[in-house]
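# only the shape, not the letters, is given here:
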């Protein structure tokens, strides 16, 4: 039985107070300012935060916080089964200040200053059947500050366009929000550690264009006793600090699953992108199972409408075929709380506890390895509790989880490691929906490693060489690079079998051996929306991938000085001659730059 190391709270009760406090390495500091706080990185102002507490039906918001007092040093050290790093550790200085409202009720504001960012939350006590009314927290983002932030939707499927102004018609924004408040200094705003009786939040700048207030979604629970908000998080530093950070999981609850030996990340053969209704066709399912066999992929996903199988076949037949071939099947469900009318099924099988237990027990008996649950309805407390119940029930029946049409990751992948991926991204699936993606994909792809994918696994469904309903104009090497650039514990390959099997043997071998859980992740080079290079290590092998997000050729710098003693590599580049899709070679010396085609890319596999 595996032992998991959770939070080690070193109780160092310190009576000294401070107007300015700092992270353990001293790079990040915090200063009280009136009713708020100013965050600095190496003495440069990064972010101003207004914190006036939480208002309930009986609790008033804060007039003035008391003195900030150091509480303790907080250390985290834990193992992940998937993610950008399997062994995670961090350290923070924790501080707190209190406020008593006129009725004598107490609020506490707790800050944790890590070396790679800050987090804060409100802690309440003495609640007596009270409803939350509002939270008065806001980030001040001055006009002229570069920001990459998506418009809020309940499924978090949007672009992250660069802008320098809050003067937009839209005034509701989703996490994460990337800022560059000082040249070369970045802050990524999000939140972490959603638990029962809590809702998630988003940002509104509807009152002032430069003030982005934190707005929790609906929470109808009557609260008694103690309660706290989720952590409000800002990852801070240079791009390498932000991209490599595990702060969202560092702040989340330790693993609640006692036995994790059955949880295995892996690559998945997926039907929907090429065949919208392919999962109700046994013969098409068999094609994707056979592709998984050929490419040595461990999983196949049978998507929506498997409850309407044609030609007298059933889901039992499809699952049996996959298992006979040595492939682990996953199946799709409609959550039945979001898009229901006119949506595909199966529906209403998971909403009630007794139905959910019966359905997941049936999946376990049948030999299903995991479930994809789709079409949630936002960030409210009902959705958050429902997701937690799904993860816990799935774990009892040894089922992996993939949330689609759902909110962004906020650290659940640590607490419930059977949650291996979440959509919450404008991904390759959109080639199947509207023509918008064709022109925007390259720049969007080069933005996601700096925004959405930092906070958790991302089911983008990368690496499509052929066209879906609408064409793509990114190169083959660009598409292959996405499988390394994008972290996901279940990496879904969405193209049709004949497309993958028409690729050179080296590309097929690449997909067969592609890791989806990484020992180490390094940011190498890049800038949001322009280009990105990342290196990920699995065992002794480094996988280095880069893409050009622009419509012009680009020379991309690649400094791999941290990789020592391993120079032999397999290089996957775009072909430059007419009719040449690939340039694949073995190299014995790593160059310091790569010439990339417009919307092009490259991958090096080093030391294998």
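Nice, thanks for sending it over. All values derive from a computational prediction rather than experimental measurement.
# just give me the residue right at the centre of the protein.
Taking C-alpha atoms, centre = their mean, the centroid of the chain lies closest to residue 456, which sits 2.6 Å from it.
# my guess is that residue meets residue 414, correct?
No. With contacts counted by C-beta atoms under 8 Å, residue 456 stays clear of residue 414, the gap being 9.3 Å. The way it works is simple: take the backbone N, C-alpha and C, and place the C-beta from them, glycine included.
# shared neighbours of these two, which are they?
The overlap between the contact sets of residue 456 and residue 414 (C-beta atoms under 8 Å, 6 or more residues apart in numbering) consists of residue 249.
# in the stretch 351-500 of the chain, which spans are strands?
Remark: strands assigned in the stretch 351-500 of the chain by DSSP state E, counting those that start in this stretch are 370-374, 400-403, 419-422, 490-493.
# so which of the ones you listed gets nearest residue 439?
Proximity to residue 439 (C-beta to C-beta) singles out strand 490-493 among the strands of the stretch 351-500 of the chain, at 23.7 Å.
# contacting residues for residue 204?
Residues counted as contacts of residue 204 (C-beta under 8 Å, 6+ apart) are 171, 172, 173, 212, 213, 215.
# tell me the SS of the fifth one?
Read it as residue 213. What DSSP: H, G, I helix; E, B strand; the rest coil gives for residue 213 is strand.
# neighbours around it, how many?
19 (other C-beta atoms under 10 Å).
# that one contacts residue 140, doesn't it?
No. Between residue 213 and residue 140 there is no contact under C-beta under 8 Å: 10.0 Å.
# circling back: now a PyMOL select for only the buried ones of the contacts of residue 204.
Entered in PyMOL, the line below selects the buried ones among these, by 16 or more other C-beta atoms under 10 Å:
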select buried, resi 171+173+212+213+215
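# from the contacts of residue 204, pick the one nearest residue 159.
Nearest member of the contacts of residue 204 to residue 159, counting by C-beta to C-beta, is residue 173, at 12.3 Å.
# among the strands of the stretch 351-500 of the chain, which is nearest residue 333?
strand 370-374 (5.1 Å).
# elements contacting the closest one?
Strand 370-374 sits against strand 328-334, helix 381-396, strand 400-403, with contacts defined as 3 or more C-beta pairs under 8 Å, 6 or more residues apart in numbering; DSSP states H and E.
# switch to 7 Å and redo it
Contacts defined by 3 or more C-beta pairs under 7 Å, 6 or more residues apart in numbering; DSSP states H and E place strand 370-374 against strand 328-334, strand 400-403.
# give the pairing partners of the longest one; include direction for each.
Sheet pairing here is set by DSSP bridges, and for strand 328-334 it gives strand 299-302 (parallel), strand 370-374 (parallel).
# please apply the same query to the last one.
Paired with strand 400-403 in the same sheet, following DSSP bridges, are strand 370-374 (parallel), strand 419-422 (parallel).
# just those strands: most buried one?
Among the strands paired with strand 400-403, strand 419-422 has the highest mean neighbour count (mean count of other C-beta atoms under 10 Å), at a mean of 28.
# residue 155: neighbour count?
For residue 155, using other C-beta under 10 Å, the count is 22.
# ok, now which ones touch it?
Listed by C-beta atoms under 7 Å, 6 or more residues apart in numbering, the contact partners of residue 155 are 405, 406, 424.
# model confidence for the first one, exactly?
Okay, so that is residue 405. Here the pLDDT value assigned to residue 405 is 98.
# now the last one
On the pLDDT scale, residue 424 is placed at 98.
# enumerate every residue touching it.
Residues near residue 424 by C-beta under 7 Å, 6+ apart: 155, 156, 406, 407, 408.
# distance of it relative to residue 174?
Distance from residue 424 to residue 174, counting by C-beta to C-beta, to the nearest Å: 9 Å.
# overlap in contacts, these two.
residue 156.
# among the strands paired with strand 328-334, which comes closest to residue 498?
The nearest among the strands paired with strand 328-334, by C-beta to C-beta, is strand 299-302 at 16.2 Å.
# and the next helix or strand after that closest one, what does it pack onto?
Once strand 299-302 ends, the next helix or strand along the chain (criterion: DSSP states H and E) is helix 315-324. For helix 315-324, the elements it packs on are helix 282-295, strand 299-302, strand 328-334, judged by 3+ C-beta pairs under 7 Å, 6+ apart.
# mind putting the ones you listed in CSV, mean pLDDT included?
As requested, the helices and strands packed on helix 315-324 are exported to CSV (pLDDT from 0 to 100):
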stretch, mean pLDDT
helix 282-295, 98
strand 299-302, 98
strand 328-334, 98
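# next one, pLDDT for residue 103 please.
Reported pLDDT for residue 103: 80.
# please read the previous query as pertaining to residue 35.
74.
# sorry, back to before: tell me which of the strands paired with strand 328-334 sits nearest to residue 117.
strand 370-374 (30.4 Å).
# residues touching that closest one, excluding its own?
301, 330-335, 350, 363, 390, 394, 399-405.
# quick revisit: can you redo the strands paired with strand 400-403 as CSV with distance to residue 603?
Shown next, in CSV, are the strands paired with strand 400-403 (distance: least, C-beta to C-beta, whole Å):
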stretch, distance to residue 603
strand 370-374, 27
strand 419-422, 21
